[in-house]
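Participant: Need coordinates for the following:
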Amino acid sequence: MEGFGHYLLAGFGMMLVIEGLIYAIFPAQAKALLEAIRDIGPDQIRLFGTIVAAFGVALVYALK
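Facilitator: Presented below is the predicted three-dimensional model:
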């Protein structure tokens, strides 16, 4: 299994590892962060998500 699908699954797996470690190591801070997100408007969350996604695409492109 080579190609784009392989890298996509590997990237998804790494994302899950990192997110899982954050919740395992810093559960109180993760809970506080999730509660703070409720106070942020949908437009700000969408903008942040777009910026993070663009950064991710640029990082993947740079590594290729």
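
Participant: what helix or strand does residue 24 sit in?
Facilitator: Element membership of residue 24, judged by DSSP states H and E, is helix 4-25.

Participant: Go ahead and name everything in contact with that helix.
Facilitator: With C-beta atoms under 8 Å, 6 or more residues apart in numbering as the test, helix 4-25 has contacts from 30, 60. Any C-beta I mention is one placed from the backbone N, CA and C, and that applies to glycine too.

Participant: Give me the distance between it and the centre of its chain.
Facilitator: Relative to its chain's centre, helix 4-25 lies at 9 Å (C-alpha atoms, centre = their mean, to the nearest Å).

Participant: Just the CA coordinates for stretch 37-52, please, in PDB.
Facilitator: What follows is stretch 37-52 as a C-alpha-only set of coordinates in PDB (Å, rounded to 0.1, in the frame of the first residue of the first chain):
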ATOM      1  CA  ILE A  37     -14.000  27.200  22.600                       C
ATOM      2  CA  ARG A  38     -17.700  27.600  23.500                       C
ATOM      3  CA  ASP A  39     -17.100  31.300  24.000                       C
ATOM      4  CA  ILE A  40     -15.600  31.800  20.600                       C
ATOM      5  CA  GLY A  41     -17.800  32.600  17.600                       C
ATOM      6  CA  PRO A  42     -18.300  30.200  14.700                       C
ATOM      7  CA  ASP A  43     -16.600  32.600  12.300                       C
ATOM      8  CA  GLN A  44     -13.400  32.800  14.400                       C
ATOM      9  CA  ILE A  45     -13.400  29.000  14.700                       C
ATOM     10  CA  ARG A  46     -13.800  28.600  10.900                       C
ATOM     11  CA  LEU A  47     -11.000  31.100  10.300                       C
ATOM     12  CA  PHE A  48      -8.700  29.300  12.700                       C
ATOM     13  CA  GLY A  49      -9.600  26.000  11.100                       C
ATOM     14  CA  THR A  50      -8.900  27.300   7.600                       C
ATOM     15  CA  ILE A  51      -5.500  28.700   8.700                       C
ATOM     16  CA  VAL A  52      -4.500  25.500  10.300                       C
END
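
Participant: Buried ones in it, by neighbour count?
Facilitator: Within stretch 37-52, no residue is scored as buried using 16 or more other C-beta atoms under 10 Å.
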